[in-house]
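Engineer: Provided below for reference: sequence and predicted model.
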Amino acid sequence: MAPSPAPWAVLGDVVWCLGIGCALGFWRDAVRLALGEGPLRRFVRDVALFAAAAVLVCGFAAGAGESGLARWYMSAAVLIGALAWRWAVRPAAHRLAAAAAKLLLAPLRLAHRKAVRPLQNRLHAARARRKRQKKAKK
């Protein structure tokens, strides 16, 4: 049995694994956005996420972890990181993205309201006028 690492080493590993969990949550959402929803897609995505989590935890433990071994708290920290992404980070990130999109699209909305909509109204009025004139001729 391997000796247990120091508490500061465990804390460092946990923080890294929380970050890995948040990154996995982000990539899961990105793949969902790119591929869409559906039972088969969801299953494949979740299996791939599980495999990626296992590879990342083992790779982190072997490469950068203090003990060199994958320990139970690393997997728990990845899970907590993914849940933190789901319930804490993702709603804030989506609100931020929506606000940024609204800000970036504001000039287009203004151009539509000031230039395109008046032209549409004029075209609609001209069509209505032609219809009335056709009816009047009959």
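Structural biologist: Yep, that arrived. These figures come from a predicted structure and were not determined experimentally.
Engineer: does Ala70 count as helix, strand or coil?
Structural biologist: Ala70 carries the three-state label coil when classified by DSSP: H, G, I helix; E, B strand; the rest coil.
Engineer: That one and His94: what is the separation?
Structural biologist: 32 Å (Cβ to Cβ, to the nearest Å). Yep, even glycine has a C-beta here, placed from its N, CA and C like the rest.
Engineer: Neighbour count: those two, which is higher?
Structural biologist: Ala70 (18 against 11; other Cβ atoms under 10 Å).
Engineer: For burial, what's the neighbour tally of Ile80?
Structural biologist: The tally of other residues near Ile80 (other Cβ under 10 Å) stands at 16.
Engineer: Mind giving me the packing neighbours of the helix or strand where it lies?
Structural biologist: When secondary structure is defined using DSSP states H and E, the element that contains Ile80 is helix 72-84. On a contact count with 3 or more Cβ pairs under 8 Å, 6 or more residues apart in numbering; DSSP states H and E, helix 72-84 meets helix 7-35, helix 39-63.
Engineer: Against which helices or strands is the last one packed?
Structural biologist: Think helix 39-63. Checking 3+ Cβ pairs under 8 Å, 6+ apart, helix 39-63 ends up next to helix 7-35, helix 72-84.
Engineer: Show the pLDDT at Leu79.
Structural biologist: Turning to Leu79, the model gives it a pLDDT of 91.
Engineer: Just to check, it is in contact with Cys22?
Structural biologist: No. Counting by Cβ atoms under 8 Å, Leu79 sits too far from Cys22 to count as a contact (11.3 Å).
Engineer: Leu103: neighbour count?
Structural biologist: Around Leu103 sit 9 other residues, with neighbours defined as other Cβ under 10 Å.
Engineer: now the one 10 residues further on
Structural biologist: Neighbouring residues of Arg113 were enumerated by other Cβ under 10 Å; the total is 10.
Engineer: Got phi/psi on it?
Structural biologist: The phi/psi pair for Arg113 (degrees, to the nearest 10) reads phi -70, psi -40.
Engineer: Noted, bye for now.
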